[in-house]
Structure formats: C-alpha cells, structure tokens
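please work out how this folds:
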Amino acid sequence: MPISCAPWYDDAVTSSVLRVPIFPLPLVLLPRATQPLHVFEPRYRQLLTDCVEGTREFGMIYRTPEVAEHEIPAGTAGCLAHIQSTQALPDGRSNILVTGGDRFTLRDFVDDAAPYLIAVVERFEDDAEGAPALHEIADRLRTLFTRVGRSARAIQDDATPLPDLPADPAEVSFAIAQYIDLDLADKQRLLASRSPLARLQRLEEALAPVVESMERRAVVHTRARTNGHGEGHEGHGEGHGAS
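Take a look at the predicted model:
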C-alpha cells in the first residue's frame with residue numbers, strides 16, 4: 001500500500017500535522033527550489049515507487065554524517081519534496097527532479113512496515129513582520145543579486161538570463177539562497193527561520209561584501225577576452241601583436 005503525505009488527524013485545527021515518508025540526505029531543500037536526486041538504495045527505490053503511486057510527495061530532512069537517520073532530533077526543520085519527473089534506469093536506479101514545497105518540523109518517527117522512515121511532521125509558516133522593512137531590504141537584495149549574478153555570468157561567458165525573483169519579499173530569500181554559495185549549515189538555518197527579515201539580512205550580509213570584487217573580476221575578464229578593446233574589436237593591427 002503506497003505511503004504518502006496525509007493528515008495525521010482529521011479535524012481542521014490539526015490539518016498541518018502530516019504523516020510522511022522521510023528521505024534524509026546531506027542536502028537542504030528550500031521552498032520552490034528544484035533539486036535533482038539519484039535514487040539507488042532499494043528502500044528509497046521503494047519510497048519513490050510508493051510516492052509516485054500516491055501524492056508524489058515525501059519529506060526531505062538534512063542529515064549530517066555523524067547523526068544516525070533514526071536519531072535526527074525532534075524539531076529539525078525539513079521541506080516537503082514534490083516529484084516533478086522521474087527517469088528510470090535499466091538497473092533499477094532512478095534520476096528524479098523534485099521541487100520544494102511547505103516547510104515542516106519533525107515531531108517523531110513512527111513504527112511502520114515500510115523499509116524507509118515514516119514520521120509525523122508539522123507544517124510551519126513565517127511569523128508576521130512589518131511589510132515596509134521587508135520590501136526595503138528585499139529590493140536591496142534583488143539589486144545585489146542582479147549585480148553579482150551578471151558578474152558571475154560574465155566571468156563564466158554564460159549568456160543565460162538570471163532567474164526571475166518572486167514579488168513576495170518573504171520568498172525572495174529562498175529564491176536567492178538556492179543560487180548562491182552558502183554552506184549547508186547556513187541553508188538549514190534559513191530553512192528553519194520563521195523571520196523573513198532575518199533571512200534577508202543574512203543574505204545581504206553574504207552578498208554585499210563580494211559584489212564589488214565580482215564586478216571588478218568581470219571587467220578584467222571581459223577586457224582580457226577582447227584584448228583590451230571594447231566589444232566588437234578583434235585586436236588586429238595597431239601594434240598589439242594579437243595572435
């Protein structure tokens with residue numbers, strides 16, 4: 001019988017409490033972020049089969065190597081993962097693509113006949129915070145992200161457009177965090193944070209110190225590619241000895 005995300009209780013007051021299959025990984029899935037996964041262990045192949053036959057959702061929780069799966073502490077934040085696509089491989093393994101959904105906290109693992117972990121979890125949302133302050137810092141962060149992103153694209157000779165960012169300032173932090181270089185512990189703190197303002201401030205602290213150096217590197221890289229000339233010049237003649 002497929003195991004899938006389902007309310008643990010029937011009344012509306014506790015509808016945020018779910019019974020879900022859990023896939024603990026050394027990764028942090030953020031809301032609305034996409035994540036490719038390679039499924040190879042037999043128990044997680046079964047989890048994938050059951051979820052595809054059910055609601056196509058499971059819970060992802062970040063687990064460090066020193067913590068046993070069944071010892072992940074109560075209160076740990078995770079994210080519901082929605083299966084967008086699956087690619088079955090000839091030997092039974094699969095490549096899948098998931099998208100992050102609602103956040104949750106782990107209540108407890110439950111006994112079940114399934115070969116993978118099943119847990120009771122509780123969805124949670126952000127605390128209410130002042131809109132003017134959120135919009136102000138979110139606008140600054142969008143500008144920083146655009147400057148750093150354009151510089152990074154230039155350094156990598158990548159013409160791919162930057163991703164669109166959400167209008168909701170509370171979601172901007174998660175949208176940006178999936179694209180910048182943060183360690184897993186920082187990402188986990190962002191996932192668990194119920195303060196949009198604190199998340200935005202943390203990302204501003206990460207991006208503000210590097211934006212000018214990234215822009216300088218992008219200028220140097222662009223000049224090197226054009227041999228010191230502006231775009232459209234190939235460096236022929238004029239005593240430059242281009243080869």
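
mind listing what's buried along the biggest helix by length in the chain?
When the chain is parsed with DSSP state H, its longest helix is helix 131-155. Buried residues in helix 131-155, counting neighbours by 16 or more other CB atoms under 10 Å, are found at L134, I137, A138, L141, L144, F145, R147, V148, G149, S151, A152, A154. Where C-beta positions appear, they are placed from N, C-alpha and C, glycine not excepted.

what is that helix packed up against?
For helix 131-155, the elements it packs on are helix 169-177, helix 196-207, helix 211-225, judged by 3 or more CB pairs under 8 Å, 6 or more residues apart in numbering; DSSP states H and E.

dump the residue contacts of R199.
By CB atoms under 8 Å, 6 or more residues apart in numbering, R199 lies in contact with S173, F174, A177, L190, S193.

read off the pLDDT value for it.
R199 carries a pLDDT value of 97.

any idea how many residues pack against the closest residue to it other than its chain neighbours?
What sits nearest to R199 in space, not counting adjacent residues and going by CB to CB, 6 or more residues apart in numbering, is S173, at 3.6 Å. Neighbours of S173 under the rule other CB atoms under 10 Å: 28.

what residues are up against S173?
Neighbours of S173 in contact, by CB under 8 Å, 6+ apart: L141, L190, P196, R199, L200, R202, L203.

and those residues as CSV, adding distance to D102?
Formatted as CSV, these follow (distance: CB to CB, whole Å):
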residue, distance to D102
L141, 23
L190, 15
P196, 15
R199, 16
L200, 20
R202, 21
L203, 21
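
tell me which stretches of this structure form strands.
6-7, 17-25, 34-39, 57-62, 77-88, 94-109, 117-123 (DSSP state E).

could you single out the most deeply buried of those?
Greatest average neighbour count among the strands of the chain goes to strand 57-62 (a mean of 24), per mean count of other CB atoms under 10 Å.

who's in contact with it?
4-5, 20-29, 35, 47, 51, 72, 76-83, 98, 100-101, 104, 106, 119, 121, 184, 187-188, 191.

rerun at 7 Å
Contact with strand 57-62 is made by 4-5, 20-25, 27-29, 47, 51, 72, 76, 78-82, 101, 104, 106, 119, 121, 184, 188, as judged by CB atoms under 7 Å, 6 or more residues apart in numbering.

same check on stretch 207-223?
L144, F145, R147, V148, S151, A152, A154, I155, I180.

go again using 6 Å as the cut-off
L144, R147, V148, S151, A154, I155 (CB atoms under 6 Å, 6 or more residues apart in numbering).

quick one on the thing from earlier: mean neighbour count, the helices and strands packed on helix 131-155: which tops it?
helix 169-177 comes out most buried of these by mean count of other CB under 10 Å, with a mean of 23.

how far away from the center of its chain is it?
Helix 169-177 sits 10 Å away from the centroid of its parent chain (CA atoms, centre = their mean, to the nearest Å).

so that helix versus helix 131-155, what angle?
20 degrees (axes from the mean of the first three to the mean of the last three CA atoms, to 10 degrees).

so how far is E212 from R147?
To E212, R147 is 9 Å away according to CB to CB, to the nearest Å.

now swap in R202 and tell me
20 Å.

quick one on the thing from earlier: determine how far the longest helix of the chain lies from the middle of the whole chain.
17 Å.

so what touches it?
So helix 131-155 is contacted by 162, 165, 169, 172, 176, 196-197, 200, 203-204, 207, 211, 214-215, 217-218, 221-222 (CB under 6 Å, 6+ apart).
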